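Student: need a structure here:
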Amino acid sequence: MSKLIQLLERLTLLHKLALGFGSLLLLALVLGGQSLYVQTRLSHDFELLQSEEVVGVARAKEAETQLVRMILALHKAAGETDPVKRDAYLTQRDASRAQLRQATTQLRSTLVRAENVERLDEFEGLLAQLESDADDAAALMRRGLHEQAQSFIDEEFEHVARQAGQRMAAIADTKEKGADVASDRIRSFAAQQTMVSVGLLVGGLALVLLSSMAIALSIRRPAARVRAAVEGIAQGRLQEPVPHTDLDNEVGELARSVAALRDGLSRQGAELKAQQAELELTRAWYQGIVEAAPDGMLVIDATGRVLLTNPQLDELFGYAHGELIGQPMEVLVPPASRAQHPQLRAGFMAQGRSRQMGRAQSVLEGQ
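Tutor: Okay, the predicted model is just below:
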């Protein structure tokens with residue numbers, strides 16, 4: 001992990017961001033591809049289940065129903081002496097036979113098992129025999145031989161009808177079992193793929209989190225080291241080296257800038273020390289002159305605050321040594337002139353010309 005972080009530290013921020021987004025994109029692509037595969041597989045399996053099993057079961061049940069209706073209509077016709085009602089029942093038989101033929105034709109397109117194809121062939125053979133027997137029975141009915149027709153239906157027709165019904169029931173049962181097996185297979189596949197998806201998601205998120213942590217550390221650690229160097233420079237430790245100046249990225253550029261700033265501050269610090277020493281000598285020389293002057297002297301700033309006085313001035317105005325430091329010089333001006341003195345002082349500061357303070361015979365006295 002540490003070697004990976006060290007390798008990442010040398011990359012630019014753009015490359016680090018691209019690596020982070022790339023890992024997220026890779027996770028999204030893997031999950032999307034796996035989801036697309038699962039959806040395609042489930043859609044295909046459901047389509048097969050629908051077209052081969054569910055539709056097949058429905059068609060087989062429809063064939064069974066129409067077979068029963070055809071037999072029932074024939075029985076009713078055999079027991080009916082009224083020619084009109086008899087013909088109506090025979091018409092119902094013909095309608096049921098047509099729907100039965102249609103159902104068996106649609107059923108054949110859903111058969112994939114050899115045993116079901118064989119059963120349907122047998123059913124169609126028996127159905128052809130049933131249709132022939134039904135036509136014979138109908139002919140007997142139209143001749144008024146209802147008892148013979150009923151006897152023929154009970155003996156020959158019913159036996160063949162039971163065999164045909166058994167074949168179709170076997171097809172429907174096989175289809176239902178096949179539908180159950182296909183449904184179980186689909187559920188098992190869906191559950192398995194759900195676990196795979198969860199595994200991919202958890203593993204992918206763990207990988208993304210680890211890579212994100214590594215990228216974050218590769219940014220944070222060098223930045224923290226450079227920040228510590230900046231804090232050291234701010235505290236005056238100008239001799240400490242600045243880390244990561246060798247990196248060819250944003251942190252390296254920042255580190256080199258900090259190093260240049262440190263070098264500049266080192267030079268400025270040396271120059272400032274020399275200037276401070278010179279200023280200290282000048283201040284001491286100037287203060288010596290002021291304090292040694294026989295007359296009272298004071299130094300003020302641009303705002304009129306007292307910066308320096310000599311003992312003669314303090315004694316002249318009755319102040320202890322250093323007491324006037326920081327006070328406005330107007331405390332030394334007579335009360336009558338004190339209000340307008342800041343304006344006069346500002347004019348003097350702006351023009352820089354000397355003038356006589358006060359009028360003739362006026363007395364300057366402090367507070």
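Student: CA atoms for contacts and neighbours, from now on please.
Tutor: Noted.
Student: tell me the gap between the longest helix belonging to the chain and the middle of its chain.
Tutor: Counting by DSSP state H, the longest helix found in the chain is helix 158-234. Relative to its parent chain, helix 158-234 has a centroid offset of 18 Å by CA atoms, centre = their mean, to the nearest Å.
Student: so after that helix, what's the next helix or strand?
Tutor: helix 250-292 (DSSP states H and E).
Student: which strands and helices lie in contact with that following helix?
Tutor: helix 158-234 (3 or more CA pairs under 8 Å, 6 or more residues apart in numbering; DSSP states H and E).
Student: list the buried residues for stretch 166-179?
Tutor: 167-172, 174-176, 178-179 (16 or more other CA atoms under 10 Å).
Student: re the thing from before, who are the packing partners of the longest helix of the chain?
Tutor: helix 2-9, helix 13-48, helix 55-78, helix 114-142, helix 250-292.
Student: give me whichever of these is most buried.
Tutor: Looking across the helices and strands packed on helix 158-234 with neighbours counted as mean count of other CA atoms under 10 Å, the highest average goes to helix 55-78: a mean of 22.
Student: least trustworthy helix or strand in this protein by mean pLDDT?
Tutor: helix 146-152 (a mean of 75; mean pLDDT, DSSP states H and E).
Student: one step back: mind putting the helices and strands packed on helix 158-234 into JSON lines with distance to residue 103?
Tutor: Output for the helices and strands packed on helix 158-234, formatted as JSON lines (distance: least, CA to CA, whole Å):
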{"stretch": "helix 2-9", "distance to residue 103": "69"}
{"stretch": "helix 13-48", "distance to residue 103": "19"}
{"stretch": "helix 55-78", "distance to residue 103": "5"}
{"stretch": "helix 114-142", "distance to residue 103": "11"}
{"stretch": "helix 250-292", "distance to residue 103": "77"}
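Student: could you export these as TSV, including mean pLDDT and distance to residue 302?
Tutor: Listed next are the helices and strands packed on helix 158-234 as TSV, based on pLDDT from 0 to 100; distance: least, CA to CA, whole Å:
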stretch	mean pLDDT	distance to residue 302
helix 2-9	78	54
helix 13-48	86	52
helix 55-78	87	104
helix 114-142	86	114
helix 250-292	83	18
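Student: so which of those gets nearest residue 90?
Tutor: helix 55-78 (6.2 Å; CA to CA).
Student: which strands and helices sit next to the following helix or strand past the closest one?
Tutor: Sequence-wise, the next helix or strand downstream of helix 55-78 (DSSP H and E) is helix 83-108. With contacts taken as 3+ CA pairs under 8 Å, 6+ apart, helix 83-108 sits against helix 55-78, helix 114-142.
Student: ok, which of those helices comes nearest residue 230?
Tutor: helix 55-78 (78.3 Å).
Student: from residue 14, how far off is residue 250?
Tutor: 10 Å (CA to CA, to the nearest Å).
Student: tell me the angle the longest helix of the chain makes with helix 83-108.
Tutor: For helix 158-234 against helix 83-108, the angle by axes from the mean of the first three to the mean of the last three CA atoms, to 10 degrees is 40 degrees.
Student: for the record, mean pLDDT for helix 158-234?
Tutor: For helix 158-234, the mean per-residue pLDDT is 87.
Student: list the contacts of residue 324.
Tutor: Residue 324 makes contacts with 306, 309, 314, as judged by CA atoms under 8 Å, 6 or more residues apart in numbering.
Student: contacting residues around the second one?
Tutor: Taking CA under 8 Å, 6+ apart as the definition of contact, the neighbours of residue 309 are 290-291, 296-299, 321-322, 324-325.
Student: swap in the first one?
Tutor: For residue 306, the residues meeting the contact criterion (CA under 8 Å, 6+ apart) are 298-300, 324-329.
Student: got a pLDDT number for residue 352?
Tutor: 66.
Student: for residue 356, same thing?
Tutor: 63.
Student: same check, this time on residue 366
Tutor: What the model reports for residue 366 is a pLDDT of 51.
Student: what's the answer for residue 155, then?
Tutor: pLDDT, residue 155: 67.
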